[in-house]
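In: Please find the sequence and the predicted model below.
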Protein chains: 2
Amino acid sequence: MARPRTFDEDRVLEQAMRAFWLHGYEGTSTRDLCEATGLDRSSVYNAFTSKHELFRRALTRYTEAMTATQTEILEDGDRPAIERIRALFAKIIDDEFTFRGDAPSIGCLGVNTTVEFGGRDPEIARLLEQDAARRLETLRAAVEAGRRDGDIRSPRDPAALARYLNAVTAGIRVAAQGGADRAVLEAIAETALDAVTATA
Amino acid sequence: MARPRTFDEDRVLEQAMRAFWLHGYEGTSTRDLCEATGLDRSSVYNAFTSKHELFRRALTRYTEAMTATQTEILEDGDRPAIERIRALFAKIIDDEFTFRGDAPSIGCLGVNTTVEFGGRDPEIARLLEQDAARRLETLRAAVEAGRRDGDIRSPRDPAALARYLNAVTAGIRVAAQGGADRAVLEAIAETALDAVTATA
DNA sequence: CGCATTCTGCACTGATCAGTGCAAAACTTG
DNA sequence: CAAGTTTTGCACTGATCAGTGCAGAATGCG
């Protein structure tokens, strides 16, 4: 019993996310967000209360989508765990070369935000920490499965191996933003796997 | 035969670098820079022409100092190459816990800038690429030495191993900014070394 | 001492920042 | 159709942005 919105909140969130992803939080003005979404400022504020809150929701959307995809890959029961981990790296590398517009890679919004805020924003930091914890847990489970399969022969703690693999994914994203081409990223991923497949 | 400066350009550059390091390029206003350096805006512009140019010089200073330190560690002839690489990781982790003010880690200005600009600023991108190339070269040399020593048994191309190790350092910085404690970072570094010491 | 030159402090520019106030528009429900 | 409610477009706020203009201060050189 009121005037309905002329926009789809989900679509707007997606477009805002893309803008933040490309230019960071500070580097994206509320005007940029209006241009990216097609909304007027008052509509943005009416629907999302503030730039910070819009960012929080866009980041949440990103991490949930990203983590869901990664979980799906890591929990695919049809292939051995080591292959799932390999597939995860392949997916991450693929993203670096498909999601970008014309120019260089835009990396990972999660990594970008971690670096831009550097833990100085407690709310954002908590959000990222929870997401990291979720990803680390599925990674750890995959590592344990890989060990049962006999493919992962590293004697190290599975949780530590998971944290290592997660750090490598961040390193790959940064390398991509630094201009590394596909072959280089793939070589980094393959080398990284040596650490978990080797006996010592 | 003119009025001399009341400030030391090097000291100002150091303080500006620190400000950019803490809050990024966009996140540091020219007012912030004045507060950090004690200079007036006109003095800053008189000496450094623009915010962008000041940043370029601060970043150059950072990369040169950082790369010099890393080179020194990696070329220390008194210890085996694998130990030098281990020492490099130790130094990087140490930096994360000594250079920070009170709060969380501030990472690496090079990584932070790579992520913030994402290759969109050609001049900055070139600067970072040249620095990366220099670091990769000394890393590669260390890897080759480690192979001669018999400590590095990975059959992979030394240049690829160097790129891998460099990516891991970026991953460690990001993990630090994400709130990881010292023990976690050390475990990541140790695990990463497995990839180069293992035979396959 | 005084001239040439550079540096410094302060006030200013126009542009942009995040966010708001308000009236008209658009819709649902009765 | 009319009342009630929310959304929308536009103009506005004060604050801050990067950068500049200029007068006076401070030096070295003659």
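Out: Thanks, I have it.
In: A:Arg156: how many residues sit nearby?
Out: 17 (other CB atoms under 10 Å in any protein chain shown). No exception for glycine: its C-beta is placed from N, CA and C like everyone else's.
In: Which residue is the nearest non-sequential neighbour of it?
Out: Spatial nearest neighbour of A:Arg156, excluding adjacent residues (CB to CB, 6 or more residues apart in numbering or on different chains): B:Thr191 at 5.8 Å.
In: Repeat that for A:Arg86.
Out: Closest residue to A:Arg86 apart from its sequence neighbours, by CB to CB, 6+ apart: A:Leu193 at 6.5 Å.
In: before we move on, what SS does the one you found have?
Out: At A:Leu193 the chain is in helix, as set by DSSP: H, G, I helix; E, B strand; the rest coil.
In: Kindly confirm whether my reading is correct that it touches A:Leu88.
Out: No: applying CB atoms under 8 Å as the test, A:Leu193 and A:Leu88 come out as separate, 10.5 Å apart.
In: In terms of neighbours, single out the busier of the two.
Out: Of the pair A:Leu193 and A:Leu88, A:Leu88 is the one with more neighbours under other CB under 10 Å, namely 23 against 19.
In: Summarise which helices and strands the longest helix seen in chain A is packed against.
Out: Using DSSP state H to define each element, chain A has its longest helix at helix A:122-149. If contacts are counted by 3 or more CB pairs under 8 Å, 6 or more residues apart in numbering or on different chains; DSSP states H and E, helix A:122-149 sits against helix A:51-74, helix A:81-98, helix A:109-117, helix A:158-177.
In: Around A:Gly150, how many other residues sit close by?
Out: Burial of A:Gly150 is recorded as 9 neighbouring residues (other CB under 10 Å).
In: Model confidence for it, exactly?
Out: Listed pLDDT for A:Gly150 reads 97.
In: and chain A, which of its residues are near DNA strand D?
Out: Contact residues, chain A versus DNA strand D (CB under 7 Å from any atom of the strand): A:1-7, A:39-43, A:46-47.
In: out of these, which are inside strands?
Out: Among those, DSSP state E puts none in strands.
In: picking that back up, redo the helices and strands packed on helix A:122-149 as CSV? Include mean pLDDT.
Out: Listed next are the helices and strands packed on helix A:122-149 as CSV, based on pLDDT from 0 to 100:
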stretch, mean pLDDT
helix A:51-74, 98
helix A:81-98, 96
helix A:109-117, 97
helix A:158-177, 98
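In: Pull the contacting residues for A:Gly146.
Out: Going by CB atoms under 8 Å, 6 or more residues apart in numbering or on different chains, A:Gly146 touches A:80-82, A:85, A:152, A:196.
In: Could you do A:Arg134 as well?
Out: A:67, A:71.
In: now it: how far from A:Arg57?
Out: 18 Å (CB to CB, to the nearest Å).
In: Which pLDDT value belongs to A:Asp102?
Out: 62.
In: let me fix that: A:Arg5
Out: At A:Arg5, pLDDT is 88.
In: Next one: stretch A:11-19, is it in contact with DNA strand C?
Out: No: judged by CB under 7 Å from any atom of the strand, stretch A:11-19 and DNA strand C are separated, with a smallest distance of 10.8 Å.
In: mind saving the C-alpha coords of that stretch as CSV?
Out: Extracted in CSV, the C-alpha atoms of stretch A:11-19 (Å, rounded to 0.1, in the frame of the first residue of the first chain):
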residue,chain,number,x,y,z
ARG,A,11,20.7,-6.2,-8.9
VAL,A,12,21.7,-2.9,-7.3
LEU,A,13,23.7,-4.7,-4.7
GLU,A,14,25.5,-6.6,-7.4
GLN,A,15,26.3,-3.4,-9.3
ALA,A,16,27.5,-1.6,-6.2
MET,A,17,29.7,-4.6,-5.3
ARG,A,18,31.2,-4.4,-8.7
ALA,A,19,32.0,-0.7,-8.3
